[in-house]
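*Asks:* A predicted structure for the sequence below; I have some questions about it.
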Amino acid sequence: MGLLDILLGRTKPVAPDLDQLFALPSAAVTLEAAAGFRATGRGAVCFATVEGGAFEQTHREVQALLDADAERTGPPVELTQDAYGYSWLVSRRSPDQLSALVNDLHAVNSAMEVNGFGPQLLCSLAGFEDGGADGGRRLALVYLYKRGTFFPFAPLAGDGQRRDSALELQVKSMLGNDLRIEQDLSRWFPVWGAPGCDGRPGPLPALLLLLALLPRLTARLQGALALVAALPLGLLVTAVAVRAVARRGAPRGGTAARRRRGRGR
């Protein structure tokens, strides 16, 4: 970063790192050994919907690519849209095919990125459960595309939107050596009803969309701040130029006035 970046408080954006997704299988081994959670085989990629033929074509190509997998024994890949307009591409594998599920998630993200729709990508997730009483506890490992980090999301069973914060912090400690965990807890956004977490599509929080748009907003804000920072210099240059012109004109004006006064005498 340059001096102006430092003065304006700019920070270098984190580059997306899709290869982080391939760490999920090893994290799953640690998660099962330490807490008894096993993969459900369900996962999803969430992205902001964009109108246009190119975006729809990318959807169809990705869906066709994943559905063409001869080893897929479960339901086909499903594209859903929630009430808030967010799109979820849901993949279902058998619980012992987590590596194949991760390949699906990586393929979707990569295809969107290659076709120029990286800014629309929000998050990807893989679901887990511990198989306890009453269906057991549910857990999702959520990958934030714009941050290149993971965080655990553990919704509590029953009515209402409540999360098991204690379990999330426990999982954070467990997987610190397996995954790049998001250290800013304010970015652990709840993804209520996400398909890979409980099998049902649901709304994505507006804060997560804000995170996706943050690079654009930051770029515009930085441009405005740079313009404001440049204004004093521009005004100073203009003032100096005006003063110089005035000085150049003053002697000529003064000499002419003295000549007129001399003639009058």
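*Replies:* Received, thanks. Numbering: from 1, shown residues only.

*Asks:* helices of the chain, start to end?
*Replies:* Ranges of helices within the chain are 3-7, 24-35, 53-67, 98-114, 165-174, 195-198, 206-264, based on DSSP state H.

*Asks:* weakest of the ones you listed in terms of mean pLDDT?
*Replies:* Lowest mean pLDDT of those: helix 3-7, a mean of 49.

*Asks:* check what pLDDT Arg138 gets.
*Replies:* Value listed for Arg138 in the pLDDT field: 91.

*Asks:* next, the buried residues of stretch 164-178.
*Replies:* Asp164, Leu167, Glu168, Val171, Lys172, Met174, Leu175, Asp178 (16 or more other C-beta atoms under 10 Å). In this view, the C-beta of every residue, glycine as well, is placed from N, C-alpha and C.

*Asks:* not counting its neighbours along the chain, what's nearest Phe37?
*Replies:* Closest residue to Phe37 apart from its sequence neighbours, by C-beta to C-beta, 6 or more residues apart in numbering: Phe128 at 4.3 Å.

*Asks:* what's the neighbour count on that neighbour?
*Replies:* Applying other C-beta atoms under 10 Å, we find 30 residues neighbouring Phe128.

*Asks:* what about it, distance to Glu56?
*Replies:* 32 Å (C-beta to C-beta, to the nearest Å).

*Asks:* and for Asp178?
*Replies:* Using C-beta to C-beta, one gets 37 Å for the distance from Asp178 to Glu56.

*Asks:* setting aside sequence neighbours, what's the nearest residue to Asp104?
*Replies:* Distance criterion C-beta to C-beta, 6+ apart; nearest residue to Asp104, sequence neighbours excluded, is Ser91 at 4.1 Å.

*Asks:* that neighbour touches His106, doesn't it?
*Replies:* No - assessed by C-beta atoms under 8 Å, Ser91 is found out of contact with His106, at 10.8 Å.

*Asks:* show me which of those two is the more surrounded one.
*Replies:* Set Ser91 next to His106 and count neighbours by other C-beta under 10 Å: Ser91 wins out with 32 against 19.

*Asks:* what sits against that one?
*Replies:* By C-beta atoms under 8 Å, 6 or more residues apart in numbering, Ser91 lies in contact with Arg42, Gly43, Ala44, Leu66, Val77, Leu101, Asp104, Leu105, Val108.

*Asks:* can we see that at 6 Å?
*Replies:* Ser91 makes contact with Gly43, Val77, Leu101, Asp104, according to C-beta atoms under 6 Å, 6 or more residues apart in numbering.
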